[in-house]
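Asks: Below are the sequence and a predicted model for it; my questions follow.
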Amino acid sequence: MLDQFDLSPLVTPAMDWFQVNKRDLPWRRDRDPYHIWVSEIMLQQTRVEAVKPYYQGFLAALPSIADLAACPQDQLNKLWEGLGYYSRVRNMQKAAEVIMEKFGGQMPSDYDAILSLPGIGPYTAGAISSIAFDLPAPAVDGNVLRILARVSEDDIDIKSDLAKKRAQAALEGVMPASGSGIFNQAMMEIGATACLPNGDPLCGQCPWKKYCLANRHGSWDHLPVRSKGKPRRIEERTVFIVRNGSRVVIDRRPDRGLLAGLYEFPNVREHLSEEAALAYAEQMGYEPLRIRRLEEARHIFSHVEWRMIGYEIRVSDAELAKEMVENVPADKISWPVDIGEISRKYAIPSAFAAYAKAIQLERGPKREDRVMGL
DNA sequence: AACGCGGGGAC
DNA sequence: GTCCCAGCGTT
C-alpha cells in the first residue's frame, strides 16, 4: 500500500533518469508559464502525439495571454478543432480574462491562485507551479497514479478520490526543494515510456525497477486497479449535406452539452428514409433537386456512440435559407456557407468527418506535411 | 461519488 | 471490440 511505502529513495533516481531519457517535446523548449499552461490543458486526457500538431499553431495564433483573452470564440474553437473536450479551451479563455483583470496579464506564481483559475484543477495547478515556477507541488495524473500503484503494490481503485488524495499527500512529503518540475515530469515520463498503461511494462528501462514491489512480486499484471465506466448509449442519426454548388448548409450547436458551440451539418436523431429526408429538407425551407445516399459512418464518444446515415441533397437556392430560420427545428439556426469559408472559420467536430470528406472539406490543424502537399 | 465531456492509438 | 490517455466542472 502507498501509505506504508517510503517514496523518498525514489526521487533522485527518477530525476537523474529523466535528464537522460526525456523525450524532446515542443513544450519542453522553454518554461514560459503561458506555454506550459497551454500544453498542460491540451494534454488533459489527451496523448502527446495528438497534441503535437496543435501546440505550435495555437501559440502562433495567440502568442500571449492577452491574445487568448481577446480571441473570438469561433477562432478559438477552430484552433481546437478535432482535439476534443472543447470546454477546455472555453475555460482557458475565461482564465485568461481573469489573469488580465486580476493578475496584470501574468500567470500568478502562487499555487492557490493558479488552482483558482477556470479549467485548472489539482493536476494542472501542480504541473504549472512546478514546471514554470519551481514550486514544490505534486502533479498527480494517470501516469503517476499507475506507477505509484505498481511500485507500492497498492490495489486501491485509482479512479477514486481517495487514491488521488493519498498520492497527493504521499508526494507532498517527498517533493524536492528545487527541481520539482523535473521530478513531476520524470514520474509522468516513466509512466508514458516504461510503466506503460496498456501492454507489458518495460521494467528493464525503469529507474524504479529495484524498488518496485509489483516488479519484485510479478503483480504488475493486475495493477493498477481501475473501476469500469458506464457502458455508452447508442444514438442513430441522419446527417444532411444540403448544398447548392460550393455552398453547404451548416448550423451551430447549443452553447451547453456535447460539442457546445461548434458547427455541424444539419442532422436528426433517427435514421430517415429518402422520402423522409426530402420532406425534412423542404421543412427546412429548401427546394430539393436531387438526393443521394452517402456512406454510413460511426463515431465513438466516451459516453455515446453515433450511428449515422447521410444524404446529399442538392437544392435550387440555398440563399433562401437565410430568410427561413423560423422553420429550423429546435433552437438551431442554419445557413449556407461556402466550403472554403467553412474550413477557414468554422470548427466542425470529428464526428462529422465522413460527411465533411464527401464535400472535400478540410478539417483540423494545418500540419507541415499537409502544407507541403505530402 | 458519479457523471458528462472528444478523439484516437494500442492491443 | 476494450482500454485509457500530462483531468475538470457539475450535480
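Replies: Arrived safely, thanks for sending.
Asks: Show me what A:V225 bridges to in the sheet.
Replies: With DSSP bridges applied, A:V225 shows beta-bridge pairing to A:D157.
Asks: That one against A:D155, yeah?
Replies: Yes: using CB atoms under 8 Å, A:V225 is in contact with A:D155, at 4.9 Å. To be clear about C-beta, it is placed using only N, CA and C from the backbone, and glycine gets the same treatment.
Asks: Identify the contacts common to these two.
Replies: Here A:V225 and A:D155 have A:A149 as joint contacts, going by CB atoms under 8 Å, 6 or more residues apart in numbering.
Asks: residues from chain A in reach of DNA strand C?
Replies: Residues of chain A lying close to DNA strand C by CB under 7 Å from any atom of the strand are A:25, A:27-28, A:39-40, A:43-48, A:85, A:87, A:91, A:118-125, A:127, A:141-143, A:146, A:185, A:188-189, A:191-192, A:197-198, A:226, A:228, A:302.
Asks: Could you list which of those residues also contact DNA strand B?
Replies: Among the residues of chain A next to DNA strand C, DNA strand B is touched by A:45-47, A:85, A:87, A:198, A:302 when using CB under 7 Å from any atom of the strand.
Asks: now those residues in CSV, with neighbour count and pLDDT?
Replies: What follows is those, written out as CSV (neighbours: other CB atoms under 10 Å; pLDDT from 0 to 100):
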residue, neighbour count, pLDDT
A:Q45, 10, 97
A:T46, 15, 97
A:R47, 9, 96
A:Y85, 14, 98
A:S87, 12, 98
A:N198, 4, 86
A:S302, 11, 94
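Asks: Narrow these to those in helices?
Replies: Applying DSSP state H to these, the entries found in helices are A:S87.
Asks: Identify the farthest-apart pair in the ones next to DNA strand B among the residues of chain A next to DNA strand C.
Replies: Farthest pair in those (CB to CB) is A:S87 and A:N198. Separation: 26.5 Å.
Asks: where does the stretch 201-350 of chain A dip in pLDDT?
Replies: The stretch 201-350 of chain A contains residues with pLDDT under 70 at A:318-332.
Asks: ranges for the helices of it?
Replies: Along the stretch 201-350 of chain A, the segments classed as helices by DSSP state H, counting those that start in this stretch run A:213-217, A:274-283, A:339-345.
Asks: Go ahead and measure how far the longest one is from the middle of the chain.
Replies: If I follow you right, that is helix A:274-283. On the basis of CA atoms, centre = their mean, to the nearest Å, helix A:274-283 sits 36 Å off its chain's mean C-alpha point.
Asks: other SSEs contacting it?
Replies: Helix A:274-283 is packed against strand A:233-244, strand A:288-300, strand A:304-315, with contacts defined by 3 or more CB pairs under 8 Å, 6 or more residues apart in numbering; DSSP states H and E.
Asks: rerun that using 10 Å as the cut-off
Replies: strand A:233-244, strand A:267-268, strand A:288-300, strand A:304-315 (3 or more CB pairs under 10 Å, 6 or more residues apart in numbering; DSSP states H and E).
Asks: again with the first one
Replies: Contacts of helix A:213-217 with other secondary structure elements, assessed using 3+ CB pairs under 10 Å, 6+ apart, are made with helix A:142-151.
Asks: And the next helix or strand past the helix it packs on?
Replies: Next in sequence after helix A:142-151, counting helices and strands by DSSP states H and E, comes helix A:161-172.
Asks: what helices or strands is that following helix leaning on?
Replies: Using 3+ CB pairs under 10 Å, 6+ apart: helix A:161-172 touches helix A:122-133, helix A:142-151, helix A:180-193.
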